[in-house]
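Undergrad: After the sequence you'll find the predicted model.
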2 protein chains.
Amino acid sequence: MAEKVTIATVARHARVSRQTVSNVLNSPHIVRQETRQRVQDVINALGYRANQAARQMRTGRSRLIAARIDPTRDGINGSVLDRFLHGLTETADAAGYRVLLYTATDDEREIATYGDLLGTYELDAFVLVGTKYGDPRTEWLADRDVPFVTFGRPWDALDAHPWVDVDGAAGTAQATRRLLDAGHRRIAFIGWPVGSGVGDDRRAGWRDALRAASVDPTGLHRETEDGIAEGERLMRDLLVTVAPSAVVCASDSLALGALQAIRGVDPPVSVIGFDDTPVAAAVGLTSVSQPLGEAAARCVDLLTGVLDGDHETPTPVLLQPSLALRHTA
Amino acid sequence: MAEKVTIATVARHARVSRQTVSNVLNSPHIVRQETRQRVQDVINALGYRANQAARQMRTGRSRLIAARIDPTRDGINGSVLDRFLHGLTETADAAGYRVLLYTATDDEREIATYGDLLGTYELDAFVLVGTKYGDPRTEWLADRDVPFVTFGRPWDALDAHPWVDVDGAAGTAQATRRLLDAGHRRIAFIGWPVGSGVGDDRRAGWRDALRAASVDPTGLHRETEDGIAEGERLMRDLLVTVAPSAVVCASDSLALGALQAIRGVDPPVSVIGFDDTPVAAAVGLTSVSQPLGEAAARCVDLLTGVLDGDHETPTPVLLQPSLALRHTA
DNA sequence: TCCAGAAACTTGAACGATCCAATCCTGCCT
DNA sequence: AGGCAGGATTGGATCGTTCAAGTTTCTGGA
């Protein structure tokens, strides 16, 4: 069993002091080129890796970022998180950080977990996915000056923290315009009850796109909780009451329900979903696709900006979604 | 800003030495009840939390478990990992461990990542999801005595390491028996090419169940790579060649393809998938459901057994799947 | 009362890195 | 040649915890 390689081992082999080795690692520019190279060679030869625990003890930085993994509520939209986490892990890795998972059943427990993670692991930052009106979590973190980013806008606009989001309104607008271009005029919308930031945003995109084309959206939209059965129910209602020729949905779950409701209807009703989940790909549902990898990357960018660099609050990022075209629209 | 609470702070307040506080935390039984209570009270009052970095430095244990998050290849079956990870995080948390994510594009890079994670973060253990014949990763870890568990049997049976798996054969057998009970006799199987451990196992369950019911399985099965289009193609072939009245599939992707192929066929062909993915729930596909939360929990059990306790290789765990009944069978 | 032995508690050192302040070069200018 | 500025290098202290070894306190039996 080979002896453990520490900074002292490297120093001995390179005939320099520990501090010089440390400088090669942390402030290479203050070490003479020749010395730097020699130390670097020894590091490679011995396979030395800086011990994170020791480093953390001195610096107070763990190079760890926490992200929450949810209990896949819906199942369909859950895969969004999956893809986001993968992107996060990948980008964080490249930036020298690692992603630590945690779960929590409610806000209170989640905040307790923050305390635990910060206290025992000295986490550097948090990534929160999804925020709601008056989110107690962001407040708690902000109060304690803990760096964090949210994937999702702060709908309150109360306090400004770094965030990354995808322009949902632009997505539904794009979907609506595609339907308009295909000749549709009676384009309905199935979304979530008024009051959720994300839901209102997506509905607004559809409404504005219709208005821009001089189509009156009045009476063409329905609201419900998310779910396949709910989507099917509302679509049946729409068919009977306003007989739309196309429908834009706030989620793939709702769109899937709509698809079931229109089975056999002639001429076929066009359907566009939201999130481009695996289910959409599976059943050939056209859907608004969020650039999740990109979003994760920008989250890491914002965090490293706060952690490694300037103290100013970085500029929020709003990404544009695209339309994954399949055969339902 | 309150001063940082360390073990020394607690010791001072409780009028004992640092070591006694440490003992209260790590070996409570050697501290007198009265003292223990006093220290415990101070700990609660001050909100003291043991610093993991300092602890790790002394003990060499990080209380961190690494798990890989994949780039959601297929999309449909990807959600299995999602649910497994959530379970893992939850159970690990309860056992005092945290889950760290990593990614890798191939085995070689993954092994390089192991080295990095072990060297800089001193990870305690790895959880590998899915193993193949002659997996270089398990060999590398075993060679270095790094604790690890695999979710998935070692199909080689070369070296014995702790593993947890779900009895796929039992799952397909159960599915097949249900179809037999419903009166079906010509029950086909769509699976993966011979040579993948998981695929062969699932086919065997179907075959054995048919034989046990004195039905000859010859000619009733087809093999292909995983995918919806592939499933649809093979199902069309089956319809023409052997006209089965029901089919069991090795995955929900294949089953979904089969569903598309039988649309409009009368009398309706029964279909059963595998994995009980969100897609299955969405389209009403009956599917074999793996107890993923349970599997994750048992993985953590095995790991903590190795980490905290005995040096013996723990007994592998084989879990029984269940059938999620919906309207396709 | 005394003492042995166990139990309870305390003290100093160590883990491996970084920070700080002091020292050593090196080359340049006078 | 001597002095000096400036960068490169060095040794010692430190982060918060646990380990190993030491010291004190308690208990019970002669």
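TA: Arrived safely, thanks for sending. Numbering: from 1, shown residues only, chains lettered A, B, ... in the order given.

Undergrad: Contact partners for A:Val300?
TA: By Cβ atoms under 8 Å, 6 or more residues apart in numbering or on different chains, the residues touching A:Val300 are A:65, A:88, A:91-92, A:95, A:97. For the C-beta atoms, the positions are set from N, CA and C on the backbone; glycine is no exception.

Undergrad: Not counting residues beside it along the chain, what's closest to it?
TA: A:Thr91 (4.2 Å; Cβ to Cβ, 6 or more residues apart in numbering or on different chains).

Undergrad: And A:Ala104, its phi and psi?
TA: Dihedral pair for A:Ala104: phi -160, psi 150, per degrees, to the nearest 10.

Undergrad: what about it, neighbour count?
TA: 19 (other Cβ atoms under 10 Å in any protein chain shown).

Undergrad: Next, find the distance separating the closest residue to A:Gly227 other than its chain neighbours from B:Val283.
TA: Of all residues not flanking A:Gly227 in the chain, A:Ser253 sits nearest, at 5.7 Å (Cβ to Cβ, 6+ apart). Here A:Ser253 is placed at a distance of 12 Å from B:Val283 (Cβ to Cβ, to the nearest Å).

Undergrad: who has more neighbours, these two?
TA: Neighbour count, other Cβ under 10 Å: between A:Ser253 and B:Val283, A:Ser253 has more, with 27 against 22.

Undergrad: what's the residue nearest to A:Gly227 sitting at in phi/psi?
TA: Main-chain torsions, A:Ser253, degrees, to the nearest 10: phi -60, psi -50.

Undergrad: Quick check: it vs A:Arg177, distance?
TA: Remark: distance between A:Ser253 and A:Arg177 (Cβ to Cβ) = 23 Å.

Undergrad: Once you drop chain neighbours, what's closest to the residue nearest to the spatial centre of chain A?
TA: Note on chain A: the residue nearest the mean C-alpha position is A:Phe151, at 4.4 Å, using Cα atoms, centre = their mean. Using Cβ to Cβ, 6+ apart and skipping residues adjacent in sequence, the residue nearest A:Phe151 is A:Val129, 4.8 Å away.

Undergrad: Inside helices: which ones of the contacts of A:Val300?
TA: A:88, A:91-92 (DSSP state H).

Undergrad: re the thing from before, identify the bridge partners of the residue nearest to the centre of chain A.
TA: Beta-bridge pairing of A:Phe151 under DSSP bridges involves A:Val129, A:Val164.

Undergrad: shouldn't it be in contact with A:Phe126?
TA: No - using Cβ atoms under 8 Å, A:Phe151 is not in contact with A:Phe126, being 11.2 Å away.

Undergrad: re earlier: does the residue nearest to A:Val300 touch A:Ala295 like I think?
TA: No - A:Thr91 is beyond contact range of A:Ala295, at 10.1 Å (criterion: Cβ under 8 Å).

Undergrad: which regions of chain A lie under the pLDDT threshold?
TA: Low-confidence segments of chain A (pLDDT under 70): A:1-2, A:72-78, A:157-159, A:310-311.

Undergrad: just the strands in it please.
TA: For chain A, strands defined by DSSP state E occupy the ranges A:64-68, A:98-102, A:125-129, A:148-151, A:163-166, A:187-191, A:221-223, A:246-249, A:270-274, A:286-289, A:317-319, A:322-324.

Undergrad: Please identify the most buried of those strands.
TA: Highest mean neighbour count among the strands of chain A (mean count of other Cβ atoms under 10 Å in any protein chain shown): strand A:246-249, with a mean of 32.

Undergrad: who's in contact with the residue nearest to A:Phe151?
TA: A:67-68, A:70, A:81, A:84, A:150-152 are the contacts of A:Val129 under Cβ under 8 Å, 6+ apart.

Undergrad: now it: how far from B:Ala125?
TA: 27 Å.

Undergrad: now A:Ala175
TA: According to Cβ to Cβ, A:Ala175 stands 46 Å off from B:Ala125.

Undergrad: Next, count neighbours for the closest residue to DNA strand C within the stretch 201-329 of chain A.
TA: Of all residues in the stretch 201-329 of chain A, A:Asp308 sits closest to DNA strand C, at 12.7 Å by Cβ to the nearest atom of the strand. A:Asp308 has 11 neighbouring residues, counting by other Cβ under 10 Å.

Undergrad: May I see the strands of chain A arranged in JSON lines, with distance to B:Glu225 as well?
TA: Below are the strands of chain A laid out as JSON lines (distance: least, Cβ to Cβ, whole Å):
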{"stretch": "strand A:64-68", "distance to B:Glu225": "32"}
{"stretch": "strand A:98-102", "distance to B:Glu225": "31"}
{"stretch": "strand A:125-129", "distance to B:Glu225": "33"}
{"stretch": "strand A:148-151", "distance to B:Glu225": "34"}
{"stretch": "strand A:163-166", "distance to B:Glu225": "33"}
{"stretch": "strand A:187-191", "distance to B:Glu225": "36"}
{"stretch": "strand A:221-223", "distance to B:Glu225": "41"}
{"stretch": "strand A:246-249", "distance to B:Glu225": "32"}
{"stretch": "strand A:270-274", "distance to B:Glu225": "27"}
{"stretch": "strand A:286-289", "distance to B:Glu225": "25"}
{"stretch": "strand A:317-319", "distance to B:Glu225": "33"}
{"stretch": "strand A:322-324", "distance to B:Glu225": "23"}
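
Undergrad: A:Gln52 contacts B:Leu118, doesn't it?
TA: No - counting by Cβ under 8 Å, B:Leu118 is not a contact partner of A:Gln52; they are 11.0 Å apart.

Undergrad: Which one of these two is surrounded by more residues?
TA: A direct count of neighbours by other Cβ under 10 Å for A:Gln52 and B:Leu118 places A:Gln52 higher, at 22 against 18.

Undergrad: what does the stretch 1-150 of chain A have sitting close to DNA strand D?
TA: A:15-20, A:23, A:30-32, A:35, A:54, A:57-58 (Cβ under 7 Å from any atom of the strand).

Undergrad: which one of the residues you listed sits closest to B:Val198?
TA: A:Ala54 (42.3 Å; Cβ to Cβ).
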